[in-house]
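Enquirer: Have a look at this prediction, sequence included:
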Amino acid sequence: MKLIRFKTFLKEQVQATKRVGIEHLSKLKPLEFLELCEYFKNDLKGIISSEKIKINLKIDGAGLRFGIDSNGKFFIESSSSGPQFDHGAFSNYTKNKYGESNPISDSYDDVFQSLKQYKPLQTYLQKNFPDGVKLFCELLYTPLAKEIEGKLQFLVVKYDKANLGNKFSLIFFKAEDLNGEQLKNETEVFNKLKQLSSSDIVFDDQQIKYEDIDINYEINSFYEMLEDYDDIKNVLASRKSADKKTKQAIISIIEKAQKSISSKIIQTKFNHRFAGDEMEGLVIYFDSSKVVKVVSDKYKSGKEEFNKEYQKGK
């Protein structure tokens, strides 16, 4: 078998998904944040409600997509691999590049084989998606986790062992057709997949139910601090030295508001079995063009430590 790069490997029927990062609410550009605040104030009336706004729990795992093509052929895809239709594709790639496989590529091969051989899943996919489907999720591969005080740590966050599959867990956040269009019955699809969970393979989704988040105080305080300034958007867009001092003052007010609103959102009360004493953060879907994330302070510090340890091991 001729070995070729992931980017060109078996992509005729299913196109690779381009990885798109989600911006931190606290790192939005000033003009983007102003636009979002106008949306908060005028459209949401200062209330982030579960009836209008979907919020997902960020899962601290590895990106994975899987599904079937228009011919019913099963595939999986990592964040950078493109669709893979054959068992062993991931380990073959690492063997070809580095001379040997590694636990991560082996885990993707194991996930491929386990899902392909799992009849309840394959029956559901073949019956309900004749034109193909791609399911987006985070992978928590149990054998690669580190056990700490009865919990399993995959990267930074520690998860309750009882909630995880013996082999792996897949937590969904999006479902698309092969044209890249989000499925209208996405929630129904996720609920059905959750029913197919077993002791070895756990399916769940990342959507949470939460209490309404009232950010009127934060929004009103923000606009009150801006009352002393005129022509704010033009000043922020200006490169004139005469506007520099005023521009920096406005940016400081924006940064303070970004921090206070992010803090208010991350402290909301919600229930999800993969969120315990700690979590990575939340993804807020205001609409298709307004998607932002907020990350917990505990995760930020934990990620910094993780990165330091990772650099030591390189």
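Expert: That came in fine, so what should we check first? Numbers count the residues shown, from 1 in each chain.
Enquirer: Let's see the pLDDT reported for the spatially most central residue of the chain.
Expert: Residue closest to the average C-alpha location in the chain (CA atoms, centre = their mean): Lys58, at 5.4 Å. Per-residue confidence (pLDDT) for Lys58: 92.
Enquirer: Quick check: the closest residue to it other than its chain neighbours vs Glu149, distance?
Expert: Using CB to CB, 6 or more residues apart in numbering and skipping residues adjacent in sequence, the residue nearest Lys58 is Glu280, 4.1 Å away. Every C-beta, even on glycine, is put in place using the N, C-alpha and C of the backbone. Per CB to CB, to the nearest Å, Glu280 is found 19 Å from Glu149.
Enquirer: So between those two, which is more surrounded?
Expert: Set Glu280 next to Glu149 and count neighbours by other CB atoms under 10 Å: Glu280 wins out with 24 against 6.
Enquirer: Now do the contacts for the more buried one.
Expert: Listed by CB atoms under 8 Å, 6 or more residues apart in numbering, the contact partners of Glu280 are 57-60, 156-157, 295-296, 299.
Enquirer: Going by distance to Cys37, which of those wins?
Expert: If you rank the contacts of Glu280 by distance to Cys37 using CB to CB, Val295 comes first, at 19.8 Å.
Enquirer: wait, that closest one sits on Gly281?
Expert: Yes - the pair Val295 and Gly281 passes the contact test of CB atoms under 8 Å, sitting 3.7 Å apart.
Enquirer: Need the overlap of contacts for these two.
Expert: With contacts defined as CB under 8 Å, 6+ apart, the residues shared by Val295 and Gly281 are 58, 266.
Enquirer: Same drill for the two, tell me which one is more crowded.
Expert: Gly281 (25 against 18).
Enquirer: give the contact list for the more buried one.
Expert: So Gly281 contacts 58, 266, 293-296, 299 (CB under 8 Å, 6+ apart).
Enquirer: roughly how far apart are Tyr285 and Glu51?
Expert: Relative to Glu51, Tyr285 is positioned 13 Å away (CB to CB).
Enquirer: my bad, Gly180
Expert: In this view, Gly180 and Glu51 are 27 Å apart by CB to CB.
Enquirer: okay, these two: which has more neighbours?
Expert: With neighbours defined as other CB under 10 Å, Gly180 and Glu51 compare such that Gly180 has more, 10 against 6.
Enquirer: what pLDDT does that one get?
Expert: On pLDDT, Gly180 comes in at 91.
Enquirer: again, but for Glu12
Expert: As predicted, Glu12 sits at a pLDDT of 37.
Enquirer: Could you tell me whether Ser263 really is in a helix?
Expert: Yes - checked against DSSP: H, G, I helix; E, B strand; the rest coil, Ser263 lies within a helix.
Enquirer: wait, what's in contact with the closest residue to Asn271 other than its chain neighbours?
Expert: Excluding the flanking residues, the one nearest Asn271 by CB to CB, 6+ apart is Lys209, at 6.2 Å. Counting by CB under 8 Å, 6+ apart, Lys209 makes contact with 50, 270-271.
Enquirer: Spit out the contact partners of Glu23.
Expert: Counting by CB under 8 Å, 6+ apart, Glu23 has contacts 32, 291-293.
Enquirer: Correct me if wrong: the residue nearest to the centre of the chain contacts Ile284.
Expert: No - when contacts are counted by CB under 8 Å, Lys58 is not listed as touching Ile284 (10.6 Å).
Enquirer: what is in contact with those two at once?
Expert: Joint contacts of Lys58 and Ile284 (CB under 8 Å, 6+ apart) are Lys293.
Enquirer: what's around Lys240, how many residues?
Expert: For Lys240, the count of nearby residues is 8 (other CB under 10 Å).
Enquirer: any idea how far it is from Thr246?
Expert: For Lys240, the distance to Thr246 - CB to CB - is 10 Å.
Enquirer: Likewise for Asp231?
Expert: Taking CB to CB as the criterion, Asp231 is separated from Thr246 by 9 Å.
Enquirer: More neighbours: the two, which one.
Expert: Thr246 (17 against 11).
Enquirer: so which strand or helix has the more buried one?
Expert: In the assignment (DSSP states H and E), Thr246 maps to helix 244-266.
Enquirer: List the buried residues in that helix.
Expert: Neighbour counts over helix 244-266 (16 or more other CB atoms under 10 Å) mark 246-247, 250, 253-254, 257-258, 260-262, 264-266 as buried.
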